[in-house]
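Engineer: here is my input; please provide its structure:
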Amino acid sequence: MRIALINENSQASKNAAVERALKKAVAPYGYEVVNYGMFDEQDEALTYVQNGILAAILLNSGAADYVVTGCGTGQGAMLACNAFPGVLCGHIEDPLDAYTFAQINDGNAIALPFAKGFGWGGDLNLEYIFEKLFCEPAGQGYPRERAIPEQRNKQILDQVKAVTCQDLKAILPQLDAQLVQGVIGRPSFQARFFQDCASEEYAALIRDLIQKNGKDNSQWK
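Structural biologist: Predicted coordinates for the structure are as follows:
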């Protein structure tokens with residue numbers, strides 16, 4: 001599994017700490033963590049809305065299998081992620097949230113409240129959240145005797161979202177060009193995305209959007 005980490009501007013200073021906790025929790029399973037920033041407060045800014053755009057690009061293109069993101073409260077990042085097709089994001093505050101979201105809702109992204117309650121022991125809470133999020137195969141149901149109806153409800157939700165959301169390839173060109181460029185124009189994005197992208201259609205679309213927006217900082221040509 002390849003897990004993408006995304007921080008937004010108000011919580012960029014916590015990026016390194018979140019990355020350490022995430023890598024520690026998933027190392028026993030051999031999962032890969034790819035950090036898309038913001039790496040610090042001097043890095044090119046990402047808003048929580050742009051976190052949603054970036055999460056959608058990574059998940060729909062196959063560049064990532066899972067996204068860990070957040071903002072001050074976690075609510076904005078969750079809403080932004082869930083605005084897009086192919087993204088099912090949960091708002092996670094503690095290890096129980098993490099475990100039940102993974103087992104009941106079987107999503108592919110989480111949004112964390114990096115400012116709320118992030119005081120003494122915040123680093124441990126992060127570690128325990130990530131441990132419970134990835135400790136078992138997702139979608140098994142909790143409690144286990146509820147597995148069948150919960151799995152059925154997840155399938156229904158996926159079917160509903162497939163109807164209510166357009167294909168992301170149709171959405172991206174309709175969004176504000178500078179908003180999208182703030183995501184795909186970042187050298188750190190380009191350096192890793194084109195390496196990991198599993199879809200040539202998405203790779204071609206992102207290249208085209210970068211070139212049309214007139215800010216090609218990439219090293220991938």
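Engineer: CA atoms for contacts and neighbours, from now on please.
Structural biologist: Noted.
Engineer: find the residue closest to F84 in space, skipping its chain neighbours.
Structural biologist: Nearest residue to F84, sequence neighbours excluded (Cα to Cα, 6 or more residues apart in numbering): A56, at 6.2 Å.
Engineer: pretty sure that neighbour is touching C81, no?
Structural biologist: Yes: using Cα atoms under 8 Å, A56 is in contact with C81, at 6.8 Å.
Engineer: which neighbours do these two share?
Structural biologist: Taking Cα atoms under 8 Å, 6 or more residues apart in numbering as the criterion, A56 and C81 both touch V87.
Engineer: neighbours around P149, how many?
Structural biologist: 12 (other Cα atoms under 10 Å).
Engineer: for Y36, same thing?
Structural biologist: 22.
Engineer: quick check: closest non-adjacent residue to it.
Structural biologist: Of all residues not flanking Y36 in the chain, I6 sits nearest, at 5.4 Å (Cα to Cα, 6+ apart).
Engineer: measure that neighbour to D40 for me?
Structural biologist: 12 Å (Cα to Cα, to the nearest Å).
Engineer: for L124, same thing?
Structural biologist: Here L124 is placed at a distance of 21 Å from D40 (Cα to Cα).
Engineer: if you count what's nearby, which of the two comes out ahead?
Structural biologist: A count of neighbours by other Cα under 10 Å puts D40 above the other of L124 and D40, at 18 against 11.
Engineer: tell me where the protein has strands.
Structural biologist: Remark: strands assigned in the chain by DSSP state E are 2-5, 32-35, 66-71, 89-91, 109-113.
Engineer: give me the contacts around the fourth one.
Structural biologist: Taking contacts as Cα under 8 Å, 6+ apart, the residues outside strand 89-91 that touch it are 74-75, 78, 81-82, 97, 101, 107-112.
Engineer: list the strands paired with that strand, with their directions.
Structural biologist: Strand pairing for strand 89-91, determined by DSSP bridges: strand 109-113 (parallel).
Engineer: how about the CA coordinates for the strand it pairs with, as PDB?
Structural biologist: Extracted C-alpha coordinates of strand 109-113, given in PDB (Å, rounded to 0.1, in the frame of the first residue of the first chain):
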ATOM      1  CA  ALA A 109      -8.700   8.900   3.200                       C
ATOM      2  CA  ILE A 110      -8.800  10.400   6.700                       C
ATOM      3  CA  ALA A 111      -8.800  14.000   7.800                       C
ATOM      4  CA  LEU A 112      -7.200  14.800  11.200                       C
ATOM      5  CA  PRO A 113      -7.700  17.800  13.500                       C
END
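Engineer: just how off-centre is that strand within its chain?
Structural biologist: The chain centre lies 8 Å from the centre of strand 109-113; the measure is Cα atoms, centre = their mean, to the nearest Å.
Engineer: contacting residues around that strand?
Structural biologist: Contacting residues not belonging to strand 109-113 are listed as 66-75, 77-78, 81, 87-93 [Cα under 8 Å, 6+ apart].
Engineer: and G139, how many residues sit next to it?
Structural biologist: Around G139 there are 18 other residues, counting by other Cα under 10 Å.
Engineer: so it sits against A102, correct?
Structural biologist: Yes: contact between G139 and A102 holds when scored by Cα under 8 Å: they sit 6.2 Å apart.
Engineer: thought A198 was touching L59?
Structural biologist: No: if you go by Cα under 8 Å, A198 and L59 don't touch, sitting 9.9 Å apart.
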